[in-house]
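Student: Sharing a model prediction with you, sequence too.
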Amino acid sequence: RASGLGSWAIYHPEMAETDRYRKWIETELGQAIGKNEFELVYQPQVDTTNGETVGYEALLRWEHREKGAIPPAEFITVAEKCGLINQIGSWVLRQACVDARYFTSGEKIAVNVSPKQMEQDDFVDTLAAILRAQAVDPARIEIEITENVLIHDQRKIREQFEQIRALGCSIAIDDFGTGYSNLNYLSDLPFSKLKLDQSFVSRIEDRKNGGALVSTIVNLARALDVDVLAEGVETENQMVMLNAAGCTLMQGYYFGKPVALQRQQTLAA
Ligand code: C2E
Ligand code: CA
Ligand code: CA
Ligand code: CA
């Protein structure tokens, strides 16, 4: 069990509930692929200097046949703990490549990869095999990996990053600003985008130094010669303030919610 010994000293009914829920997710997750319960939705990434959509982030949705929608925040952690994340992650990569035909070659498809998944020695081989099987140009795929991965085995992460880049995919550091990056180490890694965590955006208006924090990260990105994209932009004012801080790439409900592709088109084709 993941919970420490201390948690068993006192009986918490809600903890037993949580534990049971986790077990339930684990069992059901194992069948989700076979039962066709997963789907990818896509959210636009916009260049606000010209209004063009430059990419789409693929986000996983699980619609359980009885319980309905279960949010990724609830099942991804469980999948990482029980190892199912590798199978699920491969499904996500494959589906994103299958869906690639719906996007123009100028629109990148950003795919979330769990640190647990990337740690697998065969991760890059799996990625390469999927790209080849679906005949997708690797340059169209961006791998999103959370900043927290950087606290893991640094040599191994760098190796994986280099192999991903050698394959032709680009790498974005997700949730940037929430982890504890060693900037010296960061500057040595082959990635091309920082995704500024949503928390910076939601506080840009009410925090005195909100704009200054963002421009500091924009300057850091410039020094590293990488792009910076702000996540979770919900209002015009947030966009304006981000622009003032030097950030032009954005994603969020203000520009578009994650939506499913029109799969009827597949049948019609
Ligand atoms: P994330 O990668 O940071 O994804 C951004 C999350 O913010 C998504 O939640 C998205 O729907 C939500 N979002 C987008 N725009 C806005 C906005 O304007 N306002 C607000 N409040 N939220 C916004 P979602 O889809 O529930 O995903 C949550 C997390 O689950 C993701 O965070 C990611 O860490 C994980 N996840 C989702 N799909 C996958 C996947 O295919 N593989 C892996 N490993 N993780 C995934
Ligand atoms: Ca992401
Ligand atoms: Ca994020
Ligand atoms: Ca996140």
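Tutor: Done, it's in. Ligands and ions are numbered 1, 2, ... in the order given.
Student: from here on, contacts and neighbour counts on C-alpha atoms
Tutor: OK.
Student: Tell me which helix or strand the residue of the stretch 101-250 of the chain found nearest ligand 3 sits in.
Tutor: Using CA to the ion, residue 175 is the residue of the stretch 101-250 of the chain that sits closest to ligand 3, at 4.2 Å. In this assignment (DSSP states H and E), residue 175 forms part of strand 170-176.
Student: how far does the following helix or strand past that strand sit from the chain's center?
Tutor: Following strand 170-176 in sequence order, the next helix or strand is helix 183-186 (DSSP H and E). On the basis of CA atoms, centre = their mean, to the nearest Å, the separation between the geometric centre of helix 183-186 and that of its chain is 21 Å.
Student: now what about the lengthiest strand in the chain, what contacts it?
Tutor: With DSSP state E setting the assignment, residue counts place strand 52-64 as the longest strand in the chain. Contacts of strand 52-64 with the rest of the structure, by CA atoms under 8 Å, 6 or more residues apart in numbering, involve 32, 37-47, 68-72, 92, 96, 106-112, 258.
Student: One more: stretch 222-229?
Tutor: Applying CA under 8 Å, 6+ apart, the external contacts of stretch 222-229 come out as 187, 191-196, 218, 221, 247-251.
Student: Buried only: go through these for me.
Tutor: Applying 16 or more other CA atoms under 10 Å to the contacts of stretch 222-229, the neighbour count classes 191-196, 218, 221, 247-251 as buried.
Student: Tell me the one among these nearest to residue 23.
Tutor: Sorting these by how near they are to residue 23, with CA to CA, puts residue 195 at the top with 32.6 Å.
Student: got the angle between the helix or strand hosting residue 21 and strand 52-64?
Tutor: Assigned by DSSP H and E, residue 21 belongs to helix 13-32. Between the axis of helix 13-32 and that of strand 52-64 there is an angle of 110 degrees, by axes from the mean of the first three to the mean of the last three CA atoms, to 10 degrees.
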